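Visitor: model this:
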Amino acid sequence: MAILLPRNDALNTHPPAGDQYLTTNGSNWLFAVAALFGFSTLIFYALKFRARAGERFFHYVFIIASLVGLIAYYAMASDLGWDLIRQSNQVNRSGFFRQIFWPKYVFWVVEFPAVILALGVLSGVSWATIIFNIFLSWIWIIAYLVAAYTPSNYKWGFFAFGFLAHLFLLYSTLVHGLRSANRVAIKRDYLPLAAWTNFLWLLYPIAWGLTDGGNYLGVVAGFIWFGILDLLLLLGVGYAIVALSRRWDYHRLNIAFTQYGRVPTAAGTFPEKEAAHASAAATPAGTTAV
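Guide: Okay, the predicted model is just below:
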């Protein structure tokens, strides 16, 4: 039986440290989350073969994000990728140490932009807006990471900076994104996806404030909370988009791709190819275009 269900030996191989630390039950939970991300990576990869040619953009996005989730949660389940940070801001307690796991933040650097990219491309907002939203998510995450490594109450200043970027992102995805989605007649699908994403994003600051921020919840409780949020966000949005994408008109949404790149007009029109033919026609015979 031990061969079929081997004992989790991660914490014996990589012992935890500090006053608030990962336990064996917490490691088991993290391995379970890693397995779900790994399984989803294979599912997204298999589903891309069922998609029509040139309509695999969303599959690629969530394959990459799920694979990073697998790596990050595997590392944390193995009790790797952490630092001991002195804490002094919990009620009636000071001078204790907590394990802060940075792979969680690295995953968010990939997970949040993946969802933003998928929603942005779907809604039809400009690439400048998509890039702006991605950088907002990076500011949010990096601010939280710096705050987690700050031992004093000054961490809440970084938390506020990150939350400000979060609010900008919320406004952009719900207001600008919804307006653009309505213009390309995809509002019916975009609205629930954006609403679900922003609802979950609103839970991240609460979870962070009670775990890495305020230390009211231990390391394992924090991992349970963030693991559920990450699964609901990435896999919830990912599976919904991949399932819905089969009924979308990629040409009308301006997200069709061919060997010439993205096709911004009607089906069968290849701007790069036509430009090359026009250039050749304008060049007299026997001469060479410069």
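Visitor: where in this protein is pLDDT low?
Guide: 1-6, 89-95, 254, 256-290 (pLDDT under 70).
Visitor: What does the closest residue to residue 155 other than its chain neighbours show for phi and psi?
Guide: Of all residues not flanking residue 155 in the chain, residue 147 sits nearest, at 4.0 Å (C-beta to C-beta, 6 or more residues apart in numbering). C-beta: built from backbone N, CA, C; applies to glycine. Main-chain dihedrals, residue 147, degrees, to the nearest 10: phi -60, psi -40.
Visitor: I'd say residue 139 and residue 165 touch.
Guide: Yes - contact criterion C-beta atoms under 8 Å: residue 139 and residue 165 qualify, at 4.2 Å.
Visitor: ok, back up a step: please list all residues in contact with the residue nearest to residue 155.
Guide: 155-159, 162, 212-213 (C-beta atoms under 8 Å, 6 or more residues apart in numbering).
Visitor: same thing with residue 173?
Guide: Going by C-beta under 8 Å, 6+ apart, residue 173 touches 116, 119, 133, 194, 197-198.
Visitor: same thing with residue 30?
Guide: By C-beta under 8 Å, 6+ apart, the contact set of residue 30 is 22, 73-74, 76-77, 223, 227.
Visitor: Now the buried members of those residues.
Guide: 22, 73-74, 76-77, 223, 227 (16 or more other C-beta atoms under 10 Å).
Visitor: Near residue 176, how many other residues are there?
Guide: 17 (other C-beta atoms under 10 Å).
Visitor: thought it was touching residue 132?
Guide: No - between residue 176 and residue 132 there is no contact under C-beta under 8 Å: 9.6 Å.
Visitor: what about the longest helix along the chain, distance to the chain center?
Guide: What stands out as the longest helix in the chain, according to DSSP state H, is helix 24-47. The chain centroid and the centroid of helix 24-47 are separated by 15 Å under C-alpha atoms, centre = their mean, to the nearest Å.
Visitor: ditto for stretch 76-93
Guide: In terms of C-alpha atoms, centre = their mean, the centre of stretch 76-93 is set 24 Å apart from its chain centre.
Visitor: what's it in contact with?
Guide: Here stretch 76-93 has contacts from 10-11, 13-18, 20, 22, 27-31, 33-34, 72, 75, 94-104, 148-149, 151-153, 155, 214-216, 223, using C-beta under 8 Å, 6+ apart.
Visitor: Let's see that with 6 Å instead.
Guide: 10-11, 14, 16-18, 22, 27, 30-31, 34, 75, 94, 96-103, 149, 151, 153, 215 (C-beta atoms under 6 Å, 6 or more residues apart in numbering).
Visitor: How about stretch 237-253?
Guide: Residues contacting stretch 237-253 (C-beta under 6 Å, 6+ apart): 47, 55, 58, 62, 115, 118, 184, 189, 197, 256, 267.
Visitor: Now that we have those, which of them are buried?
Guide: 47, 55, 58, 62, 115, 118, 184, 189, 197, 256.
Visitor: Out of the residues you listed, which comes closest to residue 143?
Guide: Comparing the buried ones among the contacts of stretch 237-253 against residue 143 with C-beta to C-beta places residue 115 closest, at 18.5 Å.
Visitor: on that earlier part again, and the buried ones among the contacts of residue 30 as JSON lines, adding secondary structure and distance to residue 234?
Guide: Converted to JSON lines, the buried ones among the contacts of residue 30 look like this (DSSP: H, G, I helix; E, B strand; the rest coil; distance: C-beta to C-beta, whole Å):
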{"residue": "22", "secondary structure": "coil", "distance to residue 234": "22"}
{"residue": "73", "secondary structure": "helix", "distance to residue 234": "11"}
{"residue": "74", "secondary structure": "helix", "distance to residue 234": "15"}
{"residue": "76", "secondary structure": "helix", "distance to residue 234": "16"}
{"residue": "77", "secondary structure": "helix", "distance to residue 234": "17"}
{"residue": "223", "secondary structure": "helix", "distance to residue 234": "16"}
{"residue": "227", "secondary structure": "helix", "distance to residue 234": "11"}
